[in-house]
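> Sequence and predicted structure are below.
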Amino acid sequence: MKITTWIAAAALLGGMAVAGCDTNEGPMEKAGEQMDNAAEDAYDASKDAAEQAGEAAEEAGEDAMDAAEGAADSAAGAAEEAAEKADEAAEKAGEAAHDATH
């Protein structure tokens, strides 16, 4: 019986504590909530901006890699063409030297 009395007393005190809470917000509480909301909005906006900047940087890196690959392919093609022209020139020079000596 004693435990039941203690439980009933605790429940009664708990109910009174809840009933005694003021649910009306004053101007300072409202201002505090507005500040909290503004801080959360600023955090969310900065987080979104950081994600967008990261995505843009990644895309720029991919574009740079593509450009570098294109430049390397162009350079390789130009080097191959120059080698072919040098080979042709050497062959012509060899023929000219052969013709000049015979």
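Nice, I can see it. Numbers count the residues shown, from 1 in each chain.
> how much space between the residue positioned nearest the centre of the chain and Glu62?
Centroid-nearest residue in the chain, with Cα atoms, centre = their mean: Gly54, separated by 2.4 Å. Taking Cβ to Cβ, to the nearest Å as the measure, Gly54 and Glu62 are separated by 13 Å. (Each C-beta comes from the backbone N, C-alpha and C, glycine too.)
> ok, longest helix in the protein?
helix 27-101 (DSSP state H).
> Tell me where this protein is predicted with low confidence.
Filtered on pLDDT under 70, the chain yields the residue ranges 1-24.
> go with 50
For the chain, the stretches with pLDDT under 50 are 1.
> ok, Ala86 - how many residues close by?
By other Cβ atoms under 10 Å, 10 other residues sit near Ala86.
> just Ala82 next, same as before
Neighbours of Ala82 under the rule other Cβ under 10 Å: 10.
> same thing with Lys47?
Quick note: Lys47 (other Cβ under 10 Å) scores 10 neighbours.
> Can we start the residue count at 384 from this point?
Sure, I'll start numbering at 384, so the last one becomes Lys430.
> Please tell me how far it sits from Ala459.
Lys430 is 44 Å from Ala459, by Cβ to Cβ.
> And the longest helix of the chain, how far out from the chain middle?
17 Å (Cα atoms, centre = their mean, to the nearest Å).
> list the helices and strands it packs on?
Where contact means 3 or more Cβ pairs under 8 Å, 6 or more residues apart in numbering; DSSP states H and E, helix 410-484 is not packed against any helix or strand.
> CA atoms only for stretch 435-447 - export them in CSV, please.
In CSV, the C-alpha atoms belonging to stretch 435-447 read as follows (Å, rounded to 0.1, in the frame of the first residue of the first chain):
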residue,chain,number,x,y,z
GLN,A,435,27.4,22.7,-55.1
ALA,A,436,30.9,24.0,-55.0
GLY,A,437,32.2,20.5,-54.5
GLU,A,438,30.2,19.2,-57.4
ALA,A,439,31.3,22.1,-59.6
ALA,A,440,35.0,21.5,-58.7
GLU,A,441,34.6,17.8,-59.5
GLU,A,442,33.0,18.6,-62.9
ALA,A,443,35.8,21.1,-63.6
GLY,A,444,38.4,18.5,-62.8
GLU,A,445,36.7,16.0,-65.2
ASP,A,446,36.6,18.7,-67.9
ALA,A,447,40.3,19.4,-67.4
